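*Asks:* Need a 3D model of the following:
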Amino acid sequence: MPSLSPASVVTALRAAGCVFAEDEARLILSAAGTPDELAAMVDRRVAGLPLEHVVGWAEFRGLRIAVETGVFVPRRRTEFLVEQALAQAPDASVVVDLCCGSGAVGAALAAALGRVELHAADIDPAAAPCARRNVAAHGGHVHTGDLFAALPDELRGRVHILAANVPYVPTGEVGLLPAEAREHEPLVALDGGTDGLDILREVAAGAPAWLAPGGCLLVETSERQLPSAVEAFTSAGLETRSAYSEELYANVVIGVRPARPVRS
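*Replies:* Residues are numbered from 1 along each chain as shown. Below is the predicted model of the structure:
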């Protein structure tokens, strides 16, 4: 089979509706090891597979995060959650990445903080091998299970940063997502229940038992859901605020477990 030329790759991607065809072509051309592999990668992208699944990685906060087929692709807007976590707890030494998917958030936090005890967890067993690849360099531990049930008990009351990139798309709106997401990413990573906040509420309610005094929970949500998300955090006894990035169009809710009162 003759090798595809760079121009023909661009043409094929543009015909398939890829808006940034030139940029995608460069990435695919650099990732392909043989002409046959290049042709297969172009075919997969033309068929609608996310670019990150085609090339096998996504860039996240300057890191190359391994992303395997069927695993949730980390979004650039979630970098804002990482930034807020670092601003809130710059000296954190125990970090949990809940609903971790590829483990991108945990890897980015560990890369910025240095030596930390890092745990990542997800209910989707397909995510575990991918997350392990991404947190291995930071000595991270990966657990499979439903939210807090996946975590070792010795973490209770010790976590400084609990980052939970929970699914928050309302069930009735999952069908409105781009085909790349709804057809190639796990539903459990997208569907947040009737109003999109089922998992968020569960995480907020359980977080205080796992956070150290002064430890923080951070969750991404939509602007429309923000008031209800803040209410869920407040109802759990967390000192709550929200932050917004206009550049990334990202909303993050931050809840801090109050320090225990000093007894005289």
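*Asks:* residue ranges of the strands in this structure, please?
*Replies:* Here the chain has its strands, by DSSP state E, at 57-60, 63-66, 94-98, 117-122, 141-144, 159-164, 211-221, 239-245, 250-256.
*Asks:* I figured Val253 hits Pro227, correct?
*Replies:* No - between Val253 and Pro227 there is no contact under CB atoms under 8 Å: 10.2 Å. In this view, the C-beta of every residue, glycine as well, is placed from N, C-alpha and C.
*Asks:* List the residues that contact the residue lying closest to Ala164 once chain neighbours are set aside.
*Replies:* Closest residue in space to Ala164, ignoring its immediate chain neighbours: Leu98 at 4.0 Å, by CB to CB, 6 or more residues apart in numbering. Listed by CB atoms under 8 Å, 6 or more residues apart in numbering, the contact partners of Leu98 are Ala120, Ala121, Leu147, Phe148, Leu162, Ala163, Ala164, Asn165, Val166, Val203.
*Asks:* same deal with Gly140?
*Replies:* Neighbour list for Gly140: Gly103, Gly106, Ala107, Ala110, Leu118, His119, Ala120, Ala131, Arg132 [criterion: CB under 8 Å, 6+ apart].
*Asks:* how much space between it and Val67?
*Replies:* Remark: distance between Gly140 and Val67 (CB to CB, to the nearest Å) = 16 Å.
*Asks:* hey, where'd the helices end up in the stretch 101-250 of the chain?
*Replies:* Ranges of helices in the stretch 101-250 of the chain, per DSSP state H, counting those that start in this stretch, are 104-113, 127-135, 179-184, 198-206, 226-235.
*Asks:* between the first one and strand 117-122, how many degrees?
*Replies:* Computed by axes from the mean of the first three to the mean of the last three CA atoms, to 10 degrees, the angle separating helix 104-113 from strand 117-122 equals 170 degrees.
*Asks:* average model confidence for helix 104-113?
*Replies:* Average pLDDT, helix 104-113: 98.
*Asks:* Distance from it to the middle of the chain?
*Replies:* 11 Å (CA atoms, centre = their mean, to the nearest Å).
*Asks:* cool, the shortest one as well?
*Replies:* For helix 179-184, the distance between its averaged C-alpha position and the chain's averaged C-alpha position is 16 Å (CA atoms, centre = their mean).
*Asks:* What are the buried residues along it?
*Replies:* Counting neighbours by 16 or more other CB atoms under 10 Å, one finds that the buried residues in helix 179-184 are Ala181, His184.
*Asks:* Show me the contact partners of it.
*Replies:* Contacts of helix 179-184 (CB under 8 Å, 6+ apart): Gly48, Leu49, Pro50, His53, Thr69, Gly70, Val73, Val174, Gly175, Leu190.
*Asks:* can you rerun that using 6 Å?
*Replies:* Gly48, Leu49, Pro50 (CB atoms under 6 Å, 6 or more residues apart in numbering).
*Asks:* next one: the last one
*Replies:* Residues from elsewhere that reach helix 226-235, judged by CB under 6 Å, 6+ apart: Leu197, Leu200, Arg201, Ala204, Thr221, Thr240, Ser242, Asn251, Val253, Gly255.
*Asks:* Could you give the average pLDDT over that helix?
*Replies:* Per-residue scores along helix 226-235 average to 97.
*Asks:* okay, that helix in PDB with CA atoms only?
*Replies:* Output of helix 226-235 as PDB, limited to C-alpha atoms (Å, rounded to 0.1, in the frame of the first residue of the first chain):
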ATOM      1  CA  LEU A 226     -23.800  25.800  39.900                       C
ATOM      2  CA  PRO A 227     -26.400  27.000  42.500                       C
ATOM      3  CA  SER A 228     -27.600  23.400  43.200                       C
ATOM      4  CA  ALA A 229     -24.000  22.100  43.300                       C
ATOM      5  CA  VAL A 230     -23.000  24.800  45.900                       C
ATOM      6  CA  GLU A 231     -26.100  23.900  47.900                       C
ATOM      7  CA  ALA A 232     -25.000  20.300  48.000                       C
ATOM      8  CA  PHE A 233     -21.500  21.200  49.200                       C
ATOM      9  CA  THR A 234     -22.900  23.500  51.900                       C
ATOM     10  CA  SER A 235     -25.400  20.900  53.100                       C
END
